[in-house]
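Visitor: here's a sequence, model it:
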Amino acid sequence: MTSDITERLLSDETETEDDIDEKNIEDGKDVEVDEESGLLNFPKSSGLTSQQAAELLQKFGPNQLPEKVKPKWLQFCEILWQPLPLMIWAAAIVELGIEDYVDAGILFAINFLNASLSYYETSKAGNAIAALKKSLKPTAVCFRDGKWDDKFDATRLVPGDLIQLGSGAAVPADCMINHGEVEVDESAMTGESLPVTLQERQMAKMGGTIARGEVEATVVLTGPNTFFGKTASMLSNDKGKNNMQKMLEKIMIILVVLSMTLCSISLIYLLADGYDIVDSFSFAVVVLVASIPMAIEIVVLTTLAAGAREMSKFGAIVSRLSAVEDLAGMNMLCSDKTGTLTKNKMLIQEMAPTFEPNIGQRDLLLFAALAAKWDAPPKDALDTLILRCPLWAPGQVPVSAEGRTQLEKENMENDIIFRELQKATADYERLDFMPFDPICKRTESTILVKSSGKIFKVTKGAPHVILGLDPDEHKAHAVHESVEHFGNDGVRCLAIAVSEPLPGWTKENPPPTAWHLQGLLSFLDPPRDDTKSTIKRAQDFGVPVRMITGDHILIAKKTCKDLDMGQLDGENWPNIQGATALPRLGPNGEIPPNLKSDYGSVIQSADGFAQVYPEHKFLIVECFRELGFKTGMTGDGVNDAPALKQADVGIAVSGATDAARAASAIVLTKEGLSTIVDGIVIARMIFRRMKSFLTYRIAATLQLLFFFFIALFAFPPDQFLPNPEPDNLDSTWPSYFFPSCVNAYDNYCS
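Guide: Now for the predicted structure:
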C-alpha cells in the first residue's frame, strides 16, 4: 500500500487541492474526484520510508505556508517614486543647482517625512500571513521508517505520511481519517463554537485541534495546497491602492501637471526675454514649490488620526488610517454570523418537547446536568450549554453591566449560575461517569439519590443515538417530527434519557438497564440583543447588511428572518445562496475574469450566503467591489482573513484570531455591530473635515498659481524692480510719497 501511494504521488497525475471537492468532504462524502482527475479514492497509508519521503518532499516542498515578502527598502523606495515625490526631487535638485542649500534641505526633509508616514501606514497591513503561520503548531506524531516519532517536525510531512491525531493535538496538514471517528475544533478557522465530527475518509484540515477521540490519518495535502495554504495565497493578493491613495494621487497629478505646464511656460518666457538664467530658474522653482501642496498628505493623515482616536473611544481600533475614509463611504457591509450577528454562545430555547408525564424543561435540564460533571468546569460546548445555562438562576441572570467590564459581568453570572446549580444537585451523588466517546456518541452517569437511596442512570446525546436506547415506537415518531420541525428553523436538539431504578447496582456487576426517553432540549446561537436595531440603523445610513456564514442554509434563513435582514420586499425573501451558486478561484488562485458579468446579479440579489469557504467569502467581497460598492467585511476566524484583507474596510470583531486582526483595517474591542454604526457616524464627520481642507487647499493652490502666471505677463518684472539710484526717487515713486522719501534719504545721509 505504501509503494502504491508513493507511485501515485510521484506520478504526473497527482491531485491538487482543487481536485478534491471540499464541499463533498464537509458534507461527509468520500474523498473522491471526477474521472478526469485520474484519482477516485486516496489510498490509506501504512507509513513511508525516509527515502520515499525525501522524493515526495522534493516534489511537493516543505509543509509550510508560502509567503512572498517584498524587501522593506524596496517598499520605501516605491513610495519615493510617485508623482508628488518626483516633483519635490526635481525642485530640490534645481535648488542645489543654484546653490540654495537651505531650501533644498527642506524639500528633502519634506519628501522623506511624507514617505515615512506612508510606509508606516502601508506596512501595518502586511502581517496577516505571519500571524497565520504563527497560529500553526510545528510538531506531529508521524509513522516514519517503521516507528512512531511523537516530536516529528511537521514541516517535513509529505502527502502519504501516516500520522496520529489524539485529543489536544493540532492537525498538522490536510489529512484523511483512516478509521474511526474524531471531533475536531475548527473554531480558529471557521469561528464556529461546536466541534465538527469527522469519520472515515473525511478530511481534517490543517489548523484544527482534536477535541475528542484518537485516530490514524493519511496526509493528503501539504503546504500551499492545504486549506491554510490557499488562505495564505489569497492574503498575498494585492487589491491595489485604497480609495484615499487614489484620490490624493489624482489631485496631485492634476496639480503637478498644471503647475509644470504653467511654470515651464513662465520659464521659457523669462529666458526668451533675456532674464538671467539663475533668476529665471529661481522664479520657476519658487512658484512650482509654492503651488504644489507638499504637506497635503501629512495634514490628511493627521486628520484621519484624529478620527481614529475618536473611534477608539467607541471600541474601534483603526490599524490602517485610510480605513476611516473608506468607512465613511461604505455602502455595503458583509457580516460574519457567529459572534457578530449572534452571541457565539449556544443557549437553551423555550421549546422543550417531553415524552413522559410530569416532566418539564427544568427536569430535562437537571437530568442533562446529572449526565455531565456538574461539580467541575465544563469540558466542551455542550457541557457549557447545560452547566452555564441562565435558567438555573431565573431573575438573577443576566446581571447589570453598569460599572463592570464584559469579563467581570460574565464571571459574576457564572458564579451565580454555579451556586444555583449546586443547590439543585445537592441531593445527588455521582457513582460512575462515562465521558463522551466517538463510538457510543453520548455521556452517561450513574446517580445516587441521597434522600431515598435510589440508584439510576441518566444519559444525554444526539436524538438518533438516544432513540436507540428506548424501544417505544410512538416516542420515536414524535422525536422525528420534533427534530424535523426544529431543523427547518435551524434549531439543534439534545435528547435526554433516564433509566429505571437499579437496585443492587455495583460498578463491577451492573444490572441490565431499561431506558426511557424523557424529552428534547432545543438550543441555538441566538442573535445579539442589539443586532436587529443596529442593522436597521445601518440601513438608514444607506449601508445594507449581507450575512456570510459557514453554517447550514436553514440556520442562515432563520437568522435573516429574526433580524429582518436583506431585501424584505423580495419575492423569495430570505434569498440565501449556497456554495454551489458561488464562484471559485482559478487553478492558480486567480480571480475569475468574468466575475461581475457571470455572478454579479446572483450575489447582488442575495440576502445572505451559507455553507461558504474562504475563497467564496473572498470572491463575494471582490464581486461587490467590482459592482461599484465600497464594501466592508466583518469576521473573526482564519477563514475570514482573505475577505477581510480584500474588502475596502476589513473589520475584525472582538475576540478575533491573530490572522483576522492582522488582515483587518479596523479591530473592534466591543462585541456586536453597534460599534461599526457608531464608527460610520464618526468617519463621515471626519471625511467632511478632510473634504473641507482639500477643497480649501486646492482653491488656494490654484489661486496662487494663476496669480503668479497672470502677473508675470501683465506686469513685466523689469518694470517693477527697485532702482538703486536715489536721484530718481521722484520719477519712481508716486508724488505723494516724494517729500517723505527725500526727507528720509537726507536723514540717512547726514
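
Visitor: ends of stretch 659-672, how far apart?
Guide: One end of stretch 659-672 sits 20 Å from the other (C-alpha to C-alpha, to the nearest Å).

Visitor: then stretch 658-667?
Guide: 11 Å.

Visitor: which intervals of the stretch 1-150 of the chain have sub-threshold pLDDT?
Guide: 1-41, 65-70, 82-84, 98, 117-138 (pLDDT under 70).

Visitor: can you give me the helices for it?
Guide: Applying DSSP state H, counting those that start in this stretch to the stretch 1-150 of the chain gives helices spanning 2-10, 22-26, 50-60, 72-79, 83-97, 101-123, 128-134.

Visitor: repeat that for the stretch 351-500 of the chain.
Guide: 361-370, 381-387, 406-424, 463-467, 473-488.

Visitor: nearest to residue 637, out of these?
Guide: Smallest distance to residue 637 across these (C-beta to C-beta): 15.6 Å, for helix 381-387. No exception for glycine: its C-beta is placed from N, CA and C like everyone else's.

Visitor: now the helices of the stretch 351-500 of the chain in a markdown table, with mean pLDDT and distance to residue 649?
Guide: Listed next are the helices of the stretch 351-500 of the chain as a markdown table, based on pLDDT from 0 to 100; distance: least, C-beta to C-beta, whole Å:
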| stretch | mean pLDDT | distance to residue 649 |
| --- | --- | --- |
| helix 361-370 | 92 | 42 |
| helix 381-387 | 85 | 31 |
| helix 406-424 | 85 | 24 |
| helix 463-467 | 89 | 42 |
| helix 473-488 | 88 | 35 |
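
Visitor: now those in JSON lines, with distance to residue 452?
Guide: Formatted as JSON lines, the helices of the stretch 351-500 of the chain follow (distance: least, C-beta to C-beta, whole Å):
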{"stretch": "helix 361-370", "distance to residue 452": "15"}
{"stretch": "helix 381-387", "distance to residue 452": "24"}
{"stretch": "helix 406-424", "distance to residue 452": "17"}
{"stretch": "helix 463-467", "distance to residue 452": "25"}
{"stretch": "helix 473-488", "distance to residue 452": "26"}
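
Visitor: check contacts around residue 324.
Guide: Contact analysis of residue 324 by C-beta atoms under 8 Å, 6 or more residues apart in numbering lists 304, 307, 308, 311, 318, 683, 686, 687.

Visitor: ugh, wrong one, I meant residue 171
Guide: 165, 184, 204, 205, 206, 207, 208, 209, 210.

Visitor: how about the helices of the stretch 351-500 of the chain, which one is nearest residue 714?
Guide: Judging those by C-beta to C-beta, what sits closest to residue 714 is helix 406-424, at 68.7 Å.

Visitor: now the closest one and helix 361-370, what's the angle there?
Guide: Relative orientation of helix 406-424 versus helix 361-370 (axes from the mean of the first three to the mean of the last three C-alpha atoms, to 10 degrees): 100 degrees.

Visitor: which residues sit against helix 406-424?
Guide: Contacts for helix 406-424 (C-beta under 8 Å, 6+ apart): 366, 369, 374-375, 387-390, 392-393, 396-399, 401, 404, 670-671.

Visitor: so of the contacts of residue 324, which ones are in strands?
Guide: residue 318 (DSSP state E).

Visitor: tell me which two of the contacts of residue 324 sit farthest apart.
Guide: Farthest pair in the contacts of residue 324 (C-beta to C-beta) is 318 and 687. Separation: 13.6 Å.

Visitor: more neighbours, the two?
Guide: residue 318 (23 against 20; other C-beta atoms under 10 Å).

Visitor: so the more buried one touches residue 665, yeah?
Guide: Yes: Residue 318 is within contact range of residue 665, at 7.0 Å (criterion: C-beta atoms under 8 Å).

Visitor: which positions in the longest strand seen in the chain come out as buried?
Guide: Determined from DSSP E, the single longest strand within the chain is strand 515-524. Neighbour counts using 16 or more other C-beta atoms under 10 Å place 515, 517, 518, 519, 520, 521, 522, 523, 524 of strand 515-524 among the buried residues.

Visitor: will you turn these into JSON lines that also has pLDDT and distance to residue 702?
Guide: Shown next, in JSON lines, are these (pLDDT from 0 to 100; distance: C-beta to C-beta, whole Å):
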{"residue": "515", "pLDDT": "92", "distance to residue 702": "86"}
{"residue": "517", "pLDDT": "92", "distance to residue 702": "82"}
{"residue": "518", "pLDDT": "93", "distance to residue 702": "81"}
{"residue": "519", "pLDDT": "92", "distance to residue 702": "77"}
{"residue": "520", "pLDDT": "93", "distance to residue 702": "73"}
{"residue": "521", "pLDDT": "92", "distance to residue 702": "71"}
{"residue": "522", "pLDDT": "91", "distance to residue 702": "68"}
{"residue": "523", "pLDDT": "88", "distance to residue 702": "65"}
{"residue": "524", "pLDDT": "84", "distance to residue 702": "60"}
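
Visitor: mind putting these into JSON lines with distance to residue 298?
Guide: Converted to JSON lines, the buried residues of strand 515-524 look like this (distance: C-beta to C-beta, whole Å):
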{"residue": "515", "distance to residue 298": "74"}
{"residue": "517", "distance to residue 298": "71"}
{"residue": "518", "distance to residue 298": "70"}
{"residue": "519", "distance to residue 298": "67"}
{"residue": "520", "distance to residue 298": "64"}
{"residue": "521", "distance to residue 298": "60"}
{"residue": "522", "distance to residue 298": "58"}
{"residue": "523", "distance to residue 298": "54"}
{"residue": "524", "distance to residue 298": "51"}
